[in-house]
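**Student:** The amino acid sequence is not available; the structure is as follows:
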Ligand SMILES: Cc1cc2nc3c(=O)[nH]c(=O)nc-3n(C[C@H](O)[C@H](O)[C@H](O)COP(=O)(O)OP(=O)(O)OC[C@H]3O[C@@H](n4cnc5c(N)ncnc54)[C@H](O)[C@@H]3O)c2cc1C
């Protein structure tokens with residue numbers, strides 16, 4: 001029987017993004033009384049969180065059923081009263097275009113095989129896409145040529161209003177007495193250890209301002225930034241970034257596009273229903289991602305991140321031409337590269353740092369953790385209370401055989417931001 005931590009134990013959560021906020025809420029709901037959350041951002045959502053965004057896809061297709069089942073549980077939570085206002089269950093178009101490489105077609109087929117016979121999906125959940133006409137029959141607003149599009153529509157999926165959901169979780173944490181420290185006082189620059197004989201204990205972190213934050217248990221939820229505090233994790237985690245851009249629509253145009261499903265063309269990119277408040281429609285480009293190597297580890301570049309590679313802008317424009325030609329030629333606004341923490345096998349790492357059981361990491365999101373916001377905190381609590389990671393796939397790995405170059409479900413060639421020859425220069429055509 002594990003030695004359960006006392007509900008009066010002081011718990012420091014460093015990083016208030018998806019994993020950090022979810023963990024804070026779960027622990028507070030379970031009666032932990034002394035929870036402090038640090039974040040380097042000025043406010044929640046932190047500008048440094050990959051989740052600080054208009055929206056994120058919430059879908060259950062994965063290359064393996066372990067995550068499919070977790071995602072299905074999370075989708076149930078997204079539809080619960082607490083999260084429902086931050087979730088749109090509009091369906092998901094997953095396709096490849098005529099120019100798609102075989103790898104993207106294989107990924108799509110694997111994703112479909114994880115859900116096609118799953119009992120959670122009632123009859124009629126899926127519609128085949130054999131041509132553009134099948135997409136248009138489901139979403140008449142998408143009247144572009146979609147040349148050679150093939151795939152399927154999954155009606156049991158949607159998207160989360162990302163920043164709104166993070167804010168909601170943050171507010172619920174505040175109501176339950178969680179304290180937050182933001183900015184330089186919350187910006188952790190080093191882990192504090194106490195060593196006696198052979199044992200090493202984590203006693204908290206030091207902040208950029210010089211403030212020391214002490215705690216019985218420290219949980220690092222630093223997303224792509226994790227290797228800055230725990231350099232030994234760099235063998236398992238590679239910070240990578242992807243291009244995000246937006247179209248600014250008029251109120252009439254927004255109205256005309258309300259209700260569209262999430263559209264994901266595996267070789268080009270994906271986009272969402274426009275946001276009614278701002279009129280912004282978010283689009284992302286698919287690629288293998290961009291690293292930023294500094295001294296042996298890839299960590300997010302500190303800037304400028306408000307630009308996207310030309311190749312990605314081309315893909316996004318092609319996606320618009322294929323699906324919504326009425327917006328072709330429109331400037332792309334709010335462009336940036338967004339960082340997350342890729343592992344070679346896309347498995348999360350939720351474990352104690354070897355040799356230091358009071359220091360835990362909830363990391364390695366691999367670009368698919370936002371959808372887990374409603375349930376991820378449970379995994380961190382299980383680790384805290386069990387005193388060890390019982391789920392083999394989430395353990396800290398010492399032996400890494402694969403390369404971070406070729407992730408099974410990502411298309412293209414991994415490059416470093418310093419190798420990008422052409423950053424899209426203008427938001428105008
Ligand atoms: C382009 C893009 C698109 C994505 N689309 C999807 C999607 O459609 N669906 C989906 O499920 N997921 C998606 N994701 C992935 C999702 O955003 C991430 O999996 C998720 O945000 C990871 O959560 P996290 O808590 O590990 O990291 P983050 O959410 O990035 O949070 C890390 C936090 O740590 C803080 N921090 C960093 N350094 C420090 C420090 N030294 N001290 C204190 N605080 C610090 C940051 O401010 C931040 O708040 C996407 C990611 C990207 C990049």
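**Tutor:** Arrived safely. Owing to the predicted nature of the structure, the values given are computational and were not obtained by experimental measurement.

**Student:** The stretch 251-400 of the chain against the ligand: which residues are in contact?
**Tutor:** Residues of the stretch 251-400 of the chain lying close to the ligand by C-beta under 6 Å from any ligand atom are 284, 338, 340, 365, 367, 368, 369, 370, 371. Every C-beta, even on glycine, is put in place using the N, C-alpha and C of the backbone.

**Student:** Is it correct that residue 381 falls within a helix?
**Tutor:** Yes: under DSSP: H, G, I helix; E, B strand; the rest coil, residue 381 falls within a helix.

**Student:** Could you measure from it over to residue 90?
**Tutor:** 31 Å (C-beta to C-beta, to the nearest Å).

**Student:** Sitting in strands, which of the residues of the stretch 251-400 of the chain next to the ligand do you find?
**Tutor:** Judged by DSSP state E, strands contain the following of those: 284, 338, 340.

**Student:** Make TSV from the residues you listed and add pLDDT to it.
**Tutor:** Below are these laid out as TSV (pLDDT from 0 to 100):
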residue	pLDDT
284	98
338	96
340	96
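
**Student:** Run a quick neighbour tally on the closest residue to residue 296 other than its chain neighbours.
**Tutor:** Distances taken as C-beta to C-beta, 6 or more residues apart in numbering place residue 234 nearest to residue 296, at 6.7 Å, with adjacent residues excluded. By other C-beta atoms under 10 Å, the residues close to residue 234 number 18.

**Student:** Tell me if I'm right that residue 234 and residue 297 touch.
**Tutor:** Yes: with contact defined as C-beta atoms under 8 Å, residue 234 counts as touching residue 297 (3.7 Å).

**Student:** Now the common contact residues for those two.
**Tutor:** Jointly contacting residue 234 and residue 297 under the rule C-beta atoms under 8 Å, 6 or more residues apart in numbering are residue 227.

**Student:** got the contact list for the residue nearest to residue 396 when sequence neighbours are not counted?
**Tutor:** Once flanking residues are discounted, residue 396 sits nearest to residue 351: 4.2 Å by C-beta to C-beta, 6+ apart. By C-beta under 8 Å, 6+ apart, residue 351 lies in contact with 360, 361, 383, 389, 394, 395, 396.

**Student:** pLDDT at residue 2, what is it?
**Tutor:** pLDDT recorded at residue 2 is 63.

**Student:** for the chain, which spans come out with low pLDDT?
**Tutor:** Within the chain, the stretches with pLDDT under 70 are 1-2, 401, 403-406, 425-429.

**Student:** Quick check: the gap between residue 34 and residue 277.
**Tutor:** 37 Å.

**Student:** for residue 128, that is, sorry about that
**Tutor:** 35 Å.

**Student:** Which residue is the nearest non-sequential neighbour of the residue of the chain found nearest the ligand?
**Tutor:** Proximity of the chain to the ligand (C-beta to the nearest ligand atom) peaks at residue 17, 1.8 Å away. In this structure, residue 17 finds its nearest non-sequential neighbour in residue 49, 3.6 Å apart by C-beta to C-beta, 6+ apart.

**Student:** show me the contacts for the one you found.
**Tutor:** Contacts of residue 49 (C-beta under 8 Å, 6+ apart): 16, 17, 18, 41, 166, 223.

**Student:** go on, residue 32?
**Tutor:** With contact set as C-beta under 8 Å, 6+ apart, residue 32 has these partners: 7, 9, 11.

**Student:** wait, is it part of a strand?
**Tutor:** No: per three-state DSSP, residue 32 lies outside any strand segment and is coil.

**Student:** Can you pull the phi/psi pair for residue 200?
**Tutor:** Here is the backbone geometry of residue 200 (degrees, to the nearest 10): phi -130, psi 130.

**Student:** surely it meets residue 353?
**Tutor:** No: the criterion here is C-beta under 8 Å, and residue 200 misses it with residue 353 at 9.6 Å.

**Student:** For the two, indicate the residue with more neighbours.
**Tutor:** The neighbour count for residue 200 versus residue 353, taken as other C-beta under 10 Å, is higher for residue 353 (20 against 15).

**Student:** and the residue nearest to the more buried one when sequence neighbours are not counted, bridged to which residues?
**Tutor:** By the measure of C-beta to C-beta, 6+ apart, the closest residue to residue 353 outside its immediate chain neighbours is residue 359, 4.6 Å from it. Beta-bridge partners recorded for residue 359 (DSSP bridges): residue 218.

**Student:** May I see the buried residues of stretch 396-416?
**Tutor:** 396, 397, 404, 407, 409, 410, 411, 412, 414, 415 (16 or more other C-beta atoms under 10 Å).

**Student:** Please convert the residues you listed to JSON lines, extending it with secondary structure.
**Tutor:** JSON lines is the format used below for the buried residues of stretch 396-416 (three-state DSSP):
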{"residue": "396", "secondary structure": "coil"}
{"residue": "397", "secondary structure": "coil"}
{"residue": "404", "secondary structure": "coil"}
{"residue": "407", "secondary structure": "coil"}
{"residue": "409", "secondary structure": "coil"}
{"residue": "410", "secondary structure": "coil"}
{"residue": "411", "secondary structure": "coil"}
{"residue": "412", "secondary structure": "coil"}
{"residue": "414", "secondary structure": "coil"}
{"residue": "415", "secondary structure": "strand"}
